[in-house]
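Colleague: Provided below are the primary sequence and the corresponding predicted coordinates.
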Amino acid sequence: MAMNKPHIEFLALDMKSGWATPEGYPEGIKQKILASDIDEFRKSGSRTRLLRFEAGVFTAAPFVHDHWEEVYLLSGDLTVGNDAQGNGGEPFLSPTYACRPPGVHHGPFKSEKGCLLFEIHYYDESRMQRA
């Protein structure tokens, strides 16, 4: 039985607590889940989160996942395509937006001064049912 994301009506966010490092990410990158019913095993649902990079933090390898991802850079800077030592890549400043379909390799990422991202991850369930 599928879960549904909760109905949340303008809840004040506590921006100091509720942050955790996502699995596979380096320390210094933290997420705060706003709402989620995503089931990555069943390939259904969606997740809305904030993702925060501390200054100087970087990932070392590209990411790829089987769901859609929309990313809005709310504040700060984000460099895309750095190497495993955090060098190089293309820098972006807020406001910047990306929309990625499933299976697209993206990253690695770094932030020189820190940044805050708003992300939505979701499965295209109508597409999954046709497959």
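Modeller: Nice, I can see it.

Colleague: who does the helix or strand where Gln31 lies touch, helix- and strand-wise?
Modeller: Per DSSP states H and E: Gln31 is located in strand 29-36. Where contact means 3 or more CB pairs under 8 Å, 6 or more residues apart in numbering; DSSP states H and E, strand 29-36 is packed against strand 46-53. To be clear about C-beta, it is placed using only N, CA and C from the backbone, and glycine gets the same treatment.

Colleague: tell me how far His105 lies from Val57.
Modeller: For His105, the distance to Val57 equals 20 Å [CB to CB, to the nearest Å].

Colleague: mind listing what's buried along the strand holding Gln31?
Modeller: Neighbour counts using 16 or more other CB atoms under 10 Å place 29-32, 34-35 of strand 29-36 among the buried residues.

Colleague: ok, stretch 41-53 next?
Modeller: 43-53.

Colleague: determine the longest strand present in the chain.
Modeller: Assignment by DSSP state E gives strand 68-80 as the longest strand of the chain.

Colleague: partner strands of it, parallel or antiparallel?
Modeller: Here strand 68-80 is paired, per DSSP bridges, with strand 90-93 (antiparallel), strand 96-100 (antiparallel), strand 109-110 (antiparallel), strand 115-122 (antiparallel).
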